[in-house]
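Asks: How does the following fold in three dimensions:
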Amino acid sequence: MITIGLSTWTRHPHLIHDEQRDVLFSEYAGVFQLVELDTSFYGVPSIKTVTNWRNQAPDGFQYILKAHQVMTRHDDAKSEQVSDDERWQTFNQFRRAVVPLVKAGMLATVLFQFPPYFTRNLDHIRYLRDVRVHMGDLPIAVEFRDPSWYEGSLSKDVFDYLTSLNMTYVIADEPSDGNRGVPFTPVVTTPTAAYFRFHGQNRRGWLDHQGDWRKDRTNYRYSDDELIRLGEAVKTVSQQVDQTYVIFNNNGHRDAAANAESLRDQLGLTFNGLGPTQLDLF
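Replies: Numbering: from 1, shown residues only. Sure thing, here's the model as predicted:
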């Protein structure tokens, strides 16, 4: 099964043909049955908030939650790093917070999007095992941002290691020049799920880091030819797993929704879920 969604549900005016306001969850859930949330990266959500996410969603809807930045070691680049105790406490807090989604069968996976300075070294390889231990049996997806994880024949060892930890490798489409960014590598590491993240191919914004690059890097609209290429990869991978998640993150200029709908139509996918008029508005 292939399920397509977007990063966040609010900033997609294409879905409502209105540039003046945010998209309501009910409107989003009438079009897509999967969403990736990044609010949990900045702060572990309360159980009350997660319960609200569960209650507002129609049957069959799925959430992907980003792991908190302490859990992905983004603090490694800061002058003051958290202690091990603080880090593992954050893991425990996160695990407690997602229980409502787990019980409802609405947690697709937890995304560990590691920073570019999370390179392939012994400390970080060990840390991946620590992640599995502290996350218990929750579904985990891992996205690398440094090309050292893909060097030569060692990349197979990396993917085998993820398989041994029951971690889904995130297949990212993004600019890459060999020294920065990662190559598009449609590899399966878990039989239950595959996970594609499409960031776009804005090479200047992604690789040069000039100006307001953090906002500009996802300014990209995939062409029809590019979507055909990506769609073929999605179809091939989907034959190897139970569930394939596809998230469009190329939303700097609000192009993600239109691209996602195009890929959905190209793949002949249908969604017969609840429409906006059938959901309470939140």
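Asks: Which parts of the stretch 1-150 of the chain are strands?
Replies: 2-7, 34-37, 62-66, 107-113, 140-143 (DSSP state E, counting those that start in this stretch).
Asks: same for the last one, what does it pack against?
Replies: The one in question is strand 140-143. Judged by 3 or more CB pairs under 8 Å, 6 or more residues apart in numbering; DSSP states H and E, the packing partners of strand 140-143 are strand 107-113, helix 122-135, strand 167-173, strand 193-198. The C-beta positions use only the backbone N, C-alpha and C, and glycine is treated the same way.
Asks: Return the set of buried residues in the next helix-or-strand element following it.
Replies: Proceeding N to C from strand 140-143, the next assigned helix or strand is helix 154-164, under DSSP states H and E. Buried residues in helix 154-164, defined by neighbour count with 16 or more other CB atoms under 10 Å: Ser155, Val158, Phe159, Leu162, Thr163.
Asks: how about JSON lines for the helices and strands packed on strand 140-143, with mean neighbour count and distance to Asp208 added?
Replies: Listed next are these as JSON lines, based on neighbours: other CB atoms under 10 Å; distance: least, CB to CB, whole Å:
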{"stretch": "strand 107-113", "mean neighbour count": "24", "distance to Asp208": "21"}
{"stretch": "helix 122-135", "mean neighbour count": "14", "distance to Asp208": "26"}
{"stretch": "strand 167-173", "mean neighbour count": "24", "distance to Asp208": "18"}
{"stretch": "strand 193-198", "mean neighbour count": "24", "distance to Asp208": "20"}
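Asks: May I see the ones you listed arranged in CSV, with distance to Thr185 and mean pLDDT as well?
Replies: Formatted as CSV, the helices and strands packed on strand 140-143 follow (distance: least, CB to CB, whole Å; pLDDT from 0 to 100):
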stretch, distance to Thr185, mean pLDDT
strand 107-113, 16, 98
helix 122-135, 17, 98
strand 167-173, 6, 98
strand 193-198, 11, 98
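Asks: Can you lay out the ones you listed as TSV showing distance to Val82?
Replies: Shown next, in TSV, are those (distance: least, CB to CB, whole Å):
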stretch	distance to Val82
strand 107-113	16
helix 122-135	13
strand 167-173	22
strand 193-198	26
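Asks: quick one: which of the strands of the stretch 1-150 of the chain is nearest Asp84?
Replies: The stretch from the strands of the stretch 1-150 of the chain with the least distance to Asp84 (CB to CB) is strand 107-113; that distance is 17.3 Å.
Asks: Report all helices and strands that the closest one contacts.
Replies: strand 62-66, strand 140-143, strand 167-173, strand 193-198, strand 243-248.
Asks: got the angle between that strand and strand 2-7?
Replies: 50 degrees (axes from the mean of the first three to the mean of the last three CA atoms, to 10 degrees).
Asks: Number the chain from 270, please
Replies: Fine by me, first position is 270 from now on; the one you just mentioned is strand 376-382.
Asks: With distance to Tyr419 added, can I get the helices and strands packed on strand 376-382 in JSON lines?
Replies: Converted to JSON lines, those look like this (distance: least, CB to CB, whole Å):
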{"stretch": "strand 331-335", "distance to Tyr419": "22"}
{"stretch": "strand 409-412", "distance to Tyr419": "13"}
{"stretch": "strand 436-442", "distance to Tyr419": "11"}
{"stretch": "strand 462-467", "distance to Tyr419": "16"}
{"stretch": "strand 512-517", "distance to Tyr419": "21"}
